[in-house]
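Engineer: Provided below for reference: sequence and predicted model.
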Amino acid sequence: MTAAMGSPYAQREIKNKKRDVFEDILEERRQSSDLRYAMKCYSPVIYRNLVPCKPSVLKTMVLHSDQLQYVIKQISLESGETCDVIQDQAAEILDEMGQNLNLAAIRMFALTLSKIFKTLFQKVCVNEEGIQRLAQAIHEHPVVLLPSHRSYIDFLMMSYVLYTYDLALPVIAAGMDFMSMKIVGELLRMSGAFFMRRTFRGNKLYWAVFAEYVKTMLRNGYAPVEFFVEGQRSRTCKTINPKFGLLSVIMEPFFKGEVFDTYLVPISISYERVLEESLYAYELLGVPKPKESTSGLLKARKILSENFGSIHVFFGKPMSLRSLASGKLNRSQYNLIPRYLSQKPSEDIQRFISDVAYKVELHQIANMVLSPGALIAAILLQNFPSLSYNVLVDKTMWLKELTEAFGGYLEWPDNMSASKVVRSSLDLHSNITKLIDGEVFLFDNNTNGVLTEELVFSRGVSVLMCAAYRNQMVNIYARPALVVLAMKMAQSSKSEDVYKMFDFLRNLFSKEFIFFPGFEKKDFEEGCFLLSKCDVIQGNPHEMVLMEKGSSTTVFLLKMFHPFFEGYQLAFRHLVEDMTRKWTEKQYISTVRSFVTQCIIDGTTTCYEALSSDIQKNALASFVHLGLLKVNKLEGQITFTVNETNIEDFAGKLGLQVPTKKLPVARL
């Protein structure tokens, strides 16, 4: 099955490959009337020249569909309620959920967003080739837009871009949080948002209504469907492992032959500076997320006085579901029973859905546009609390060359000196970094030798904000970095031993970075290829050796990924301190954060990133996956206990001694 998807790295091949040309769509907005823009003649390209139906008609189609009527009858038989009562419940769900696209609301949003974006951002750059490809795709087949998700701005930006280019506005899957916002919720609904509950497991009617609503919109092609395959905003700016539920829903019409084809469009939205950067850092440190509200939105207007740099929106090549499945997927199971009957997808279908999801995310990653700030963040995190400005400039230029050699997509101002580029980026991120007397500081190191919990928290905020920008590039480096780390940790320099350790590390960090399922060997080979190209390793089928010439790259890669590695070591140490204890996820996260805080105060670690709930949750999931932890389900509560039989082996692989009360952290 994995071979069916083709190489997931096809978009990241050589350093100087041709890139799509970007157009700054704010440039024209700065030179002409926003009102004229909002009131322009809007005649979008639509699917096969269909006339869009009214939202009320769409709801009627859903309510009277064979699929939903069958589910209503089944629920009636199970519950004893009449079909009419359940039908009314379904109608209420649709009213709560449904979008209400309205041109007047769209024009108002166009006017408002135009003014806001010109204030917040220097540029909003869009690849023109991608827009042309999308216009053609919308005309031919139903289209699903799959953007990366780093900010609330994402879905607003998508609609703004499509309106600018006279393309059909999407209907967007949005969380119920937005619906509770007075006025704003209804405005979003009239701009194409349809609302879904965060969880509706076990609610058979809600799932049936939701699934049929999405499929009806897709089958009839009245508008592109948009959702985030990650399922939520990434608080770390790393790509989150995909969710499959909504993706399986939008694929079902193709599996059942209700549509000839469906186009999936991976979209990469890259921020030079993210609006929610400080909120994310606080959330990762355990501060509850503020509830979405209209009053909160109004209070946030103070950010309009700040500069958030540039945004790049890259529309990838539409992926034909028919082409992806051609000759590789047997859809006959859907021909054996009536279409209105739901059925659990076969293992092949589930694997196909998973492969497509990962392929989408790898395309998103490959087309992310990196800013100089991402390079600077990576360097500062390896040299905190401070670094000479001149050294920072030199290291940034060195890292620029390495990133391009590894296939990174960099936006670098050619008309500015390196020093000015770095200074401009530091100014943009002046809330994180400080330039004082030729020295760049990530945080104040003047503590009089005393560290407190409050100071650790404050520094943690600065480190996690900075790490979010470094994280924009970690997937570019993940494979070569894990090869280098494996060479350092393997029992010998034999290629076979290095690969075994690489495979362990790849599994260990499968929640941190995006790896295509079943491509372990290809990941290893790609990492080795990139390292060989940059003179970091020399090897043959039997042995691998690190070269002195590439020592700078080796050190950089080890330091870049050390926070993840040490974060997992610290999580392991904490879990095995009391091997008889049962942990809930909430208890584990709270206590491991306190444990790491104390380690920082004691001076046994400087890994502030280990305070992040993201690393803690990923480590927990990884330990379960690899058999270190056992999952216990009792009376609806999930707890975790340590699998003592695996401790010694696991400790050895993590570079730790057999656990005792004071287990040392291994340094790379």
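Structural biologist: Received it, and whenever you're ready, just let me know what you need.

Engineer: any idea where the strands of the stretch 201-350 of the chain begin and end?
Structural biologist: 225-226, 263-271, 310-315, 319-320 (DSSP state E, counting those that start in this stretch).

Engineer: and if you look at the stretch 51-200 of the chain?
Structural biologist: Along the stretch 51-200 of the chain, counting by DSSP E, counting those that start in this stretch, strands occupy 123-127, 143-147, 171-175, 193-196.

Engineer: For the second one, give the mean pLDDT please.
Structural biologist: Strand 143-147 shows a mean pLDDT of 97 in the predicted model.

Engineer: follow-up on the earlier one: got JSON lines for the strands of the stretch 201-350 of the chain, with distance to residue 192 too?
Structural biologist: Placement of C-beta: from N, CA and C, glycine included. Formatted as JSON lines, those follow (distance: least, C-beta to C-beta, whole Å):
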{"stretch": "strand 225-226", "distance to residue 192": "8"}
{"stretch": "strand 263-271", "distance to residue 192": "16"}
{"stretch": "strand 310-315", "distance to residue 192": "17"}
{"stretch": "strand 319-320", "distance to residue 192": "22"}
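
Engineer: I'd like the strands of the stretch 51-200 of the chain written out as a markdown table, with mean neighbour count added.
Structural biologist: Listed next are the strands of the stretch 51-200 of the chain as a markdown table, based on neighbours: other C-beta atoms under 10 Å:
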| stretch | mean neighbour count |
| --- | --- |
| strand 123-127 | 21 |
| strand 143-147 | 25 |
| strand 171-175 | 22 |
| strand 193-196 | 24 |
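
Engineer: circling back: among the strands of the stretch 201-350 of the chain, which is nearest residue 653?
Structural biologist: Among these, the nearest to residue 653 by C-beta to C-beta is strand 263-271 (34.2 Å).

Engineer: doesn't residue 339 make contact with residue 67?
Structural biologist: Yes. Taking C-beta atoms under 8 Å as the definition, residue 67 is a contact partner of residue 339 at 7.5 Å.

Engineer: Among those two, which residue is more densely surrounded?
Structural biologist: Using other C-beta atoms under 10 Å, the more surrounded residue of residue 67 and residue 339 is residue 67, with 20 against 14.

Engineer: Give me the pLDDT value at residue 220.
Structural biologist: At residue 220, the model reports a pLDDT of 82.

Engineer: In contact with it: list those residues for me.
Structural biologist: Residue 220 makes contact with 50, 53, 58, 61 under the criterion C-beta atoms under 8 Å, 6 or more residues apart in numbering.

Engineer: Same list, those, but as JSON lines with pLDDT and neighbour count please.
Structural biologist: Formatted as JSON lines, the contacts of residue 220 follow (pLDDT from 0 to 100; neighbours: other C-beta atoms under 10 Å):
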{"residue": "50", "pLDDT": "73", "neighbour count": "11"}
{"residue": "53", "pLDDT": "78", "neighbour count": "14"}
{"residue": "58", "pLDDT": "89", "neighbour count": "24"}
{"residue": "61", "pLDDT": "92", "neighbour count": "17"}
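
Engineer: Distance of residue 371 relative to residue 121?
Structural biologist: Applying C-beta to C-beta, to the nearest Å, the value for residue 371 to residue 121 is 12 Å.

Engineer: which one of these two has more residues nearby?
Structural biologist: Between residue 371 and residue 121, residue 371 has the larger neighbour count (other C-beta under 10 Å), namely 25 against 22.

Engineer: Quick check on that one: phi, psi?
Structural biologist: phi -100, psi 160 (degrees, to the nearest 10).

Engineer: In contact with it: list those residues for me.
Structural biologist: When contacts are counted by C-beta under 8 Å, 6+ apart, residue 371 touches 270, 272, 309-310, 410-411, 425, 469.

Engineer: By neighbour count, which of the residues you listed wins?
Structural biologist: Neighbour tally across the contacts of residue 371 (other C-beta under 10 Å): the maximum, 27 neighbours, falls on residue 469.

Engineer: ok so, going back, which one of the contacts of residue 220 is nearest to residue 657?
Structural biologist: residue 58 (62.8 Å).

Engineer: Quick check: the closest one touching residue 214?
Structural biologist: No. Under the criterion of C-beta under 8 Å, residue 58 makes no contact with residue 214, lying 11.1 Å away.

Engineer: ok, back up a step: would you mind saying which of the strands of the stretch 201-350 of the chain lies nearest residue 629?
Structural biologist: Across the strands of the stretch 201-350 of the chain, residue 629 has its closest neighbour in strand 263-271 (33.7 Å, C-beta to C-beta).

Engineer: So which elements touch the closest one?
Structural biologist: helix 128-140, strand 143-147, helix 153-164, strand 310-315, strand 319-320, helix 347-366 (3 or more C-beta pairs under 8 Å, 6 or more residues apart in numbering; DSSP states H and E).

Engineer: Perfect, I'm done here.
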